[in-house]
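*Asks:* Kindly generate the corresponding structure for this input.
(one chain, ligands or ions: 1)
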Amino acid sequence: MNRVYIKTYGCQMNERDSEQVASSLRDRGYSIVDTEHDADVVLLNTCSVRDQAEQKAIGKAGYLKKRKVENPNFVLGVMGCMAQNHGSSLVDRLPDLDLVVGTQKFHRVPDHLDNLIQSMNGQGPRPSSIVDLAEEAGSQNTIRDHIGKAGQVSAFVSIMQGCNMNCAFCIVPKTRGRERARPIEEIVDEVTGLAESGVKEITLLGQIVTSYGRRDFPVVGGKSPFVQLLERIQDVKGIERIRFTSPHPRGFKQDLVEAYRDLSKLCEYVHLPLQAGCNKTLRAMNRPYTKERYREIVDSLRAVVPSMYFSTDIIVGFPGETEADFAESAAFFDEIAYDMAYIFKYSIRTGTPAETMPDQIPQEEKERRNQVLLDMLHKSSLARNESLVGTTEQVLVEGPAKKGDKLVGKTRGYRNAIFDGSERLKGQLVDLKINRATASTVYGDLVLAGVDA
Ligand code: 5AD
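*Replies:* Residues are numbered from 1 along each chain as shown. From the prediction side, this is the model:
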């Protein structure tokens, strides 16, 4: 009765939340299994950013409820953003749900499961569903203090929760609540512990990391709390690489640009959400910057680190986006020449300002615009990777590649790198001479002791 499978949808934040739930369940004596077939309990950690993500989870829950026929004690739970977004109406729609846990209540999952399982083992009627969605002060501090799993090379660290922006398209302020930051010391302690357990790369997570602690901690020497945090992590012994996601163009100031110049561990890769490359659309989206300001940030980063890599989020088919608006957006997207991008077709989210905006864009047109940007991205990412052929890149080895007997790792620019080598290299930084590239991956040979291998 104690085998739990957790399925995660959506962003890295969700992955980190799932890890935390898994770890708290292990501490309580549950075992975490790798497939739903082996599980007595399945928990879906959900995403609400687009309708498609919600539909996937609802479909999965509908399918899993059949498990109750063969095993009346099978437990099915939904956690995270979709739970928060739809609340108890989820139980109306999916009466077989036993557990609905919101984004500030992940730490309560072990108690809820204990209670459910205890009452199922009794002789009484099946217990009613548990729905736990309330806000909880300090809940940002409950996603913390994890130690790396044996052999873990890279880890996510949650530094804050919530979002105070009001982007017209976005459901996240509703699902994640107001911004709350974890104290710097706690984060540094967690990162130190991870380094001691062998982790080499840290990715700091927050909905808007550039807002980290701005109301709680002072600016010191012209440096924002987020940059202070980066500096502290730079000093953690054993950590070799630092990444973060996501910053907001509005909070991307010169101190952060200079951090890329000054902090050797901060990898020259930034995921900087654009959303639209047309000022009219940005205004309609309630995004408080212009494409000219965005361009300035890109230029100032390239000025301090010429090899900087750029990634973004962009939405096509926002209500009112005309053909001309899209052409402008696409031209800007092309001009930046992104190395990576997540291109989203606008999806109506109930309760957001954009829900009721006129001139919604037909699905076929969204598909067309999506394809235009995908083609541009393919060209720019391929050109960038091809430019690496013949150069030597530092790669952090993650372990065996999925296919064949190769190794896989990441360059500092977050390119996938595939090469021959011993599994013992896992967790090490190696030099790789690149000899071939596709849009998503570079291939190369290890450079050993300064001599081409
Ligand atoms: N439709 C499409 N994409 C969206 N995103 C957020 N809300 C929506 C929506 N309603 C995208 C944004 C955001 C990313 C996580 O998801 O680009 O940065």
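*Asks:* Show me where the stretch 301-450 of the chain has its helices.
*Replies:* 323-336, 363-386 (DSSP state H, counting those that start in this stretch).
*Asks:* same for the last one, what does it pack against?
*Replies:* It refers to helix 363-386. For helix 363-386, the elements it packs on are strand 309-316, helix 323-336, strand 340-345, strand 429-437, judged by 3 or more Cβ pairs under 8 Å, 6 or more residues apart in numbering; DSSP states H and E. Using the backbone N, CA and C atoms, a C-beta is placed for each residue, glycine as well.
*Asks:* what's the most buried one of these?
*Replies:* When the helices and strands packed on helix 363-386 are scored by mean count of other Cβ atoms under 10 Å, the highest mean neighbour count falls to strand 309-316 (a mean of 22).
*Asks:* The ligand contacts on this protein?
*Replies:* For the chain, the residues in contact with the ligand (Cβ under 6 Å from any ligand atom) are 49-50, 169-170, 273, 275, 313, 315, 344, 346-347, 349.
*Asks:* hang on, the earlier thing: Serialize the helices of the stretch 301-450 of the chain to TSV and add fields for distance to Y309.
*Replies:* As requested, the helices of the stretch 301-450 of the chain are arranged in TSV below (distance: least, Cβ to Cβ, whole Å):
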stretch	distance to Y309
helix 323-336	11
helix 363-386	7
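*Asks:* Mean pLDDT and distance to T35 added to those helices, as TSV?
*Replies:* Compiled in TSV, the helices of the stretch 301-450 of the chain are given as follows (pLDDT from 0 to 100; distance: least, Cβ to Cβ, whole Å):
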stretch	mean pLDDT	distance to T35
helix 323-336	98	39
helix 363-386	98	32
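*Asks:* Tell me which of those sits nearest to H37.
*Replies:* H37 lies closest to helix 363-386 among the helices of the stretch 301-450 of the chain, at 34.7 Å (Cβ to Cβ).
*Asks:* Helix 323-336 and the closest one, what's the angle between them?
*Replies:* Using axes from the mean of the first three to the mean of the last three Cα atoms, to 10 degrees, the direction of helix 363-386 lies 10 degrees away from that of helix 323-336.
*Asks:* List the neighbours of helix 363-386 that are in contact with it.
*Replies:* For helix 363-386, contacts defined as Cβ atoms under 8 Å, 6 or more residues apart in numbering pick out 309, 314, 316-317, 326, 330, 333-334, 337-341, 343, 345-346, 415, 437-442.
*Asks:* Between strand 340-345 and that helix, find me the angle.
*Replies:* On the basis of the same axes, to 10 degrees, helix 363-386 is oriented at 180 degrees to strand 340-345.
*Asks:* 496 is where my numbering starts, stick with that
*Replies:* Fine by me, first position is 496 from now on; the one you just mentioned is helix 858-881.
*Asks:* what's the offset of helix 858-881 from the middle of its chain?
*Replies:* Distance of helix 858-881 from its chain centroid, counting by Cα atoms, centre = their mean, to the nearest Å, is 21 Å.
*Asks:* residues of that helix that come out buried?
*Replies:* 861, 864-865, 867-868, 871-872, 875-876, 879-880 (16 or more other Cβ atoms under 10 Å).
*Asks:* Same question for stretch 513-532.
*Replies:* Neighbour counts over stretch 513-532 (16+ other Cβ under 10 Å) mark 513-517, 519-520, 525, 527-528, 531 as buried.
*Asks:* Just the ones of those residues in strands?
*Replies:* I527 (DSSP state E).
*Asks:* with the buried residues of stretch 513-532 in mind, which one is nearest to K786?
*Replies:* S513 (35.8 Å).
*Asks:* I'd say E850 and I843 touch.
*Replies:* Yes - between E850 and I843 there is a contact under Cβ atoms under 8 Å: 5.5 Å.
*Asks:* What are the structural domain limits within the protein?
*Replies:* For the chain, automatic domain parsing gives the domain ranges 498-627, 634-881, 887-942.
*Asks:* what about T705, how many residues close to it?
*Replies:* Residues lying near T705 (other Cβ atoms under 10 Å) number 21.
*Asks:* right, and it touches V722 too?
*Replies:* No - assessed by Cβ under 8 Å, T705 is found out of contact with V722, at 9.3 Å.
*Asks:* Mind listing the shared neighbours of these two?
*Replies:* In contact with both T705 and V722: L751, using Cβ under 8 Å, 6+ apart.
*Asks:* Show the pLDDT at S623.
*Replies:* S623 is assigned a pLDDT of 86 by the prediction.
*Asks:* Next, count neighbours for the residue nearest to K732 when sequence neighbours are not counted.
*Replies:* Distances taken as Cβ to Cβ, 6 or more residues apart in numbering place A690 nearest to K732, at 6.4 Å, with adjacent residues excluded. Neighbourhood size, A690 [other Cβ under 10 Å]: 19.
*Asks:* cool, S842 as well?
*Replies:* Neighbours of S842 under the rule other Cβ under 10 Å: 18.
*Asks:* ok, now how distant is it from D640?
*Replies:* According to Cβ to Cβ, to the nearest Å, S842 stands 35 Å off from D640.
*Asks:* pLDDT score assigned to the nearest residue to S624 once chain neighbours are set aside?
*Replies:* Leaving aside its sequence neighbours, S624 sits nearest to V586 (Cβ to Cβ, 6+ apart; 5.0 Å). Note on V586: pLDDT of 92.
*Asks:* now do the one 4 residues further on
*Replies:* In the predicted model, P590 carries a pLDDT score of 89.
*Asks:* is it possible to export the helices and strands packed on helix 858-881 to CSV including distance to Q749?
*Replies:* Listed next are these as CSV, based on distance: least, Cβ to Cβ, whole Å:
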stretch, distance to Q749
strand 804-811, 18
helix 818-831, 20
strand 835-840, 24
strand 924-932, 30
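*Asks:* Can I get stretch 917-924 in PDB? Just the C-alpha atoms.
*Replies:* Extracted C-alpha coordinates of stretch 917-924, given in PDB (Å, rounded to 0.1, in the frame of the first residue of the first chain):
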ATOM      1  CA  SER A 917      34.200   6.100 -19.900                       C
ATOM      2  CA  GLU A 918      31.200   6.300 -17.600                       C
ATOM      3  CA  ARG A 919      33.600   7.200 -14.800                       C
ATOM      4  CA  LEU A 920      33.700  10.700 -16.300                       C
ATOM      5  CA  LYS A 921      30.100  11.400 -15.000                       C
ATOM      6  CA  GLY A 922      30.100  14.600 -13.000                       C
ATOM      7  CA  GLN A 923      33.300  15.800 -14.400                       C
ATOM      8  CA  LEU A 924      34.100  18.800 -16.600                       C
END
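*Asks:* buried ones in it?
*Replies:* Within stretch 917-924, the residues that count as buried by 16+ other Cβ under 10 Å are 920-922.
*Asks:* Among the residues you listed, which one lies nearest to G633?
*Replies:* Relative to G633, the closest of the buried residues of stretch 917-924 is G922; by Cβ to Cβ it sits at 33.9 Å.
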